[in-house]
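Asker: Pasting the sequence and the predicted model now:
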Amino acid sequence: MSQYLTTEDTDYVPSGLVLTLPLIIRASAIIDGRCRREIGVKSYTERIPLTNQRGHLSYYPVKDITEVKGRAAYGITGDNFFGAPGFVETDQSVLDVDKEIGSLTCGNSQFGAPYAEIEVTYTSGWDPIPDKVKVACGLIIAQLSTNSNTNVKLKKDVDSTIEYFGNNMITPEIADLLSEYQYCSFR
């Protein structure tokens, strides 16, 4: 569970507002839903099909590559002599990763065959949490604390009509703050 603020981070919320752990967790979950990822550093494992020995990791910035396995496109790979090649442990030096944007280039297998697909285990995210994310979290907490039921779009007192599923908590200002942290697929 993400927590982009602590109860002591009162600089990011309007004065007079009391930060509570449930509000912080709820606002952080809204941010994770908007960005479709956790902002903090997290470990991921994914299989990447290669085109001309090039591919792209889904989550960036990349902090560290911890494990690489490759599946050669053809030929003897050392793991079996019959059938399609399987995934085998690969030296990390065969992989060149642009850690800022997650693009990667891969060399050949130890037997000279190009890789068709690689499996990469890596960590990605921001540490410490950027101020823009903390400001967005504070703005969402302010909205959550002023509106007791965030699903209610319309209330009418005369005939007791309640319309649910109102506008989401992401205002254009918050969307702008979170724009550079959103998941963006390159496949």
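Answerer: That came in fine, so what should we check first?

Asker: contacting residues for Lys134?
Answerer: The contact partners of Lys134, by CB atoms under 8 Å, 6 or more residues apart in numbering, come to Tyr4, Leu5, Asp9, Tyr12. Heads up, the C-betas are built off the backbone N, CA and C, glycines and all.

Asker: got JSON lines for those, with distance to Gly112, secondary structure and pLDDT too?
Answerer: Shown next, in JSON lines, are the contacts of Lys134 (distance: CB to CB, whole Å; DSSP: H, G, I helix; E, B strand; the rest coil; pLDDT from 0 to 100):
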{"residue": "Tyr4", "distance to Gly112": "47", "secondary structure": "coil", "pLDDT": "95"}
{"residue": "Leu5", "distance to Gly112": "52", "secondary structure": "coil", "pLDDT": "94"}
{"residue": "Asp9", "distance to Gly112": "54", "secondary structure": "coil", "pLDDT": "91"}
{"residue": "Tyr12", "distance to Gly112": "55", "secondary structure": "helix", "pLDDT": "91"}
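
Asker: Can you tell me which of the residues you listed is closest to Ile101?
Answerer: Tyr4 (23.0 Å; CB to CB).

Asker: neighbours around the closest one, how many?
Answerer: By the criterion of other CB atoms under 10 Å, Tyr4 has 25 neighbours.
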